[in-house]
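In: what's the 3D shape of this:
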Amino acid sequence: MKIAVDAMGGDYAPLEIVFGAVRAAKKYGCEIVLVGDEAKIRSVLDKEPGWEKLGITIHPASEVIEMGEHPADAVRTKKDASVVVATRLVKDGVCDAVLSAGSTGAAVTAAQLILRRIKGIGRPTIATPMPTPNGVTLLMDSGANVDSKPEHLVQAAMMGSLYCKDVFHVQAPRVGLLNIGEEETKGNEQAKATYQLLKVMKTINFTGNAEGRDVPKGNFDVVICDGFVGNVVPKFAEGLAKTIYKLIKDAVKNGGILAKLGALLLMPTLKRLGKRLDPTEYGGAPLLGVNGCVIISHGSSNAKSICSAIGVANDYVKGDVLAHIRDALTQEEALQSGGEPV
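Out: Numbering: from 1, shown residues only. Reported below is the predicted structural model:
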């Protein structure tokens with residue numbers, strides 16, 4: 001297992017990216033190629049004694065794609081940008097996966113231009129795990145495509161279902177379509193058209209429309225939506241969680257001695273709950289639908305988050321997700337045409 005990491009992408013690059021990579025190399029035993037400004041990367045690595053023995057190497061890249069740049073233009077003109085070079089290492093078979101916490105648009109564009117889409121997939125999809133009481137709900141798309149056609153959402157449903165099976169080991173993932181009501185006739189034209197396509201699919205367990213409250217409750221294993229809505233939902237959830245945490249802190253602070261004693265007794269339980277809800281526990285979201293493993297991390301990722309994201313890449317490759325998506329596309333096509341499963 002060898003993973004290319006865009007060391008220059010992210011709000012805290014290269015410091016947190018490199019520290020996270022070192023932590024992951026120790027935890028998962030995988031080789032890591034740090035791509036970017038060699039001098040800056042090495043200056044951080046030198047703060048980690050013994051990093052040379054962890055299977056960490058540096059691959060130089062002289063350019064960086066900034067958040068404000070147009071993704072397609074930047075990927076085409078900055079041939080030596082860290083995310084472009086890292087993606088090319090996967091294309092050339094040098095690495096098994098690529099991870100970036102930089103511009104999401106640049107990472108998605110680089111994946112499409114360099115790795116190309118899987119045959120039969122119209123648009124790649126970012127699959128973000130949302131914590132629930134019983135595990136996670138996979139929300140997709142989380143920002144790769146703000147405008148999606150019904151056939152793109154159907155393909156996302158298939159890929160998300162397979163990812164849940166291969167990585168989260170859910171035998172028959174419950175797939176839902178994010179909508180404003182449970183009834184089949186609810187929603188905009190996109191939702192109603194997508195519903196009709198999903199309900200006749202043979203290779204997924206489509207269980208109907210999912211409302212917003214179903215996502216955190218875990219009533220579905222995979223929830224499908226376009227990238228506009230799918231980008232808003234996790235950010236709203238993150239903001240809500242922080243607000244609730246602050247309200248609890250303020251209530252304890254202003255609640256007197258009994259409130260403080262109660263909080264002290266509940267501290268172990270609250271820490272376990274905080275860990276369950278901590279987005280850094282998941283770290284990164286896979287970009288499904290391209291010919292390679294591409295993991296997208298949050299721009300504000302810290303070392304812990306980067307380490308977790310490398311773990312996601314590790315699971316993706318070990319689960320052979322890419323091959324299973326290709327097989328499922330062939331099987332669904334055969335079933336829809338009236339043939340036998342491949």
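In: drop to CA atoms for contacts and neighbour counts, all remaining ones
Out: Noted.
In: Mean pLDDT per helix and strand in the protein: which one sits at the bottom?
Out: helix 256-277 (a mean of 75; mean pLDDT, DSSP states H and E).
In: Centre of the chain to whatever helix or strand comes next after that helix, how far?
Out: Using DSSP states H and E, the helix or strand that follows helix 256-277 in sequence is strand 284-288. On the basis of C-alpha atoms, centre = their mean, to the nearest Å, strand 284-288 sits 3 Å off its chain's mean C-alpha point.
In: which residues are contacting the following helix or strand past strand 284-288?
Out: Downstream of strand 284-288, the first helix or strand assigned by DSSP H and E is strand 293-297. Applying C-alpha atoms under 8 Å, 6 or more residues apart in numbering, the contact partners of strand 293-297 are 96-102, 104, 107, 111, 126, 283-288, 305-306, 309, 312-313, 316-317, 322.
In: Give me the subset of those residues lying in strands.
Out: The strands, defined by DSSP state E, take in 97-100, 126, 284-288 from the contacts of strand 293-297.
In: okay if I get the residues you listed as a markdown table plus distance to residue 60, neighbour count and pLDDT?
Out: Converted to a markdown table, the ones in strands among the contacts of strand 293-297 look like this (distance: C-alpha to C-alpha, whole Å; neighbours: other C-alpha atoms under 10 Å; pLDDT from 0 to 100):
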| residue | distance to residue 60 | neighbour count | pLDDT |
| --- | --- | --- | --- |
| 97 | 17 | 26 | 97 |
| 98 | 15 | 30 | 98 |
| 99 | 16 | 29 | 97 |
| 100 | 15 | 31 | 97 |
| 126 | 27 | 29 | 94 |
| 284 | 23 | 30 | 88 |
| 285 | 25 | 24 | 93 |
| 286 | 24 | 23 | 95 |
| 287 | 24 | 24 | 96 |
| 288 | 27 | 29 | 95 |
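In: Give me the residues contacting stretch 187-203.
Out: So stretch 187-203 is contacted by 149-151, 153-154, 158, 177, 179-181, 184-186, 206, 208-209, 328, 331-332, 335-336 (C-alpha under 8 Å, 6+ apart).
In: Give me the distance between the two termini of it.
Out: Using C-alpha to C-alpha, to the nearest Å, the end-to-end distance of stretch 187-203 comes to 24 Å.
In: Same question for stretch 116-136.
Out: 29 Å.
In: How about stretch 53-66?
Out: Stretch 53-66 has an end-to-end distance of 32 Å (C-alpha to C-alpha).
In: quick one: contacts of it?
Out: 8-9, 22, 25-26, 29-38, 41, 74-75, 78, 80-83, 85, 102-103, 106.
In: quick revisit: name the surrounding residues that touch the least confident helix or strand of the chain.
Out: Contacts for helix 256-277 (C-alpha under 8 Å, 6+ apart): 131, 251-253, 281.
In: Among those, which one has the most neighbours?
Out: Of all the contacts of helix 256-277, residue 131 has the most neighbours under the rule other C-alpha atoms under 10 Å, reaching 20 neighbours.
In: That one belongs to a helix, doesn't it?
Out: No - judged by DSSP: H, G, I helix; E, B strand; the rest coil, residue 131 forms no part of a helix; its state is strand.
In: Quickly note the distance from it to residue 226.
Out: From residue 131 to residue 226 the distance is 20 Å (C-alpha to C-alpha).
In: Include distance to residue 65 when you put the ones in strands among the contacts of strand 293-297 into CSV, please.
Out: Shown next, in CSV, are those (distance: C-alpha to C-alpha, whole Å):
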residue, distance to residue 65
97, 19
98, 16
99, 15
100, 11
126, 20
284, 19
285, 20
286, 20
287, 19
288, 22
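In: tell me which of the residues you listed is nearest to residue 172?
Out: residue 288 (18.9 Å; C-alpha to C-alpha).
In: hmm, back to that, now intersect the contacts of stretch 187-203 with the strands, please.
Out: Checking the contacts of stretch 187-203 against DSSP E, those in strands are 177, 206, 208-209.
In: Using CSV, lay out these together with pLDDT, neighbour count and distance to residue 14.
Out: As requested, the ones in strands among the contacts of stretch 187-203 are exported to CSV (pLDDT from 0 to 100; neighbours: other C-alpha atoms under 10 Å; distance: C-alpha to C-alpha, whole Å):
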residue, pLDDT, neighbour count, distance to residue 14
177, 97, 26, 38
206, 96, 24, 42
208, 95, 20, 44
209, 96, 26, 42
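In: could you dump those residues to JSON lines with distance to residue 215?
Out: Listed next are the ones in strands among the contacts of stretch 187-203 as JSON lines, based on distance: C-alpha to C-alpha, whole Å:
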{"residue": "177", "distance to residue 215": "11"}
{"residue": "206", "distance to residue 215": "15"}
{"residue": "208", "distance to residue 215": "13"}
{"residue": "209", "distance to residue 215": "11"}
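In: and the residue nearest the centre of the chain, how far is that from residue 84?
Out: Taking C-alpha atoms, centre = their mean as the criterion, residue 285 is the residue nearest the geometric centre of the chain, at 0.7 Å. Between residue 285 and residue 84 the distance is 18 Å, computed by C-alpha to C-alpha.
In: And residue 199, by the same measure?
Out: 39 Å.
In: The two: which has the busier surroundings?
Out: residue 84 (27 against 14).
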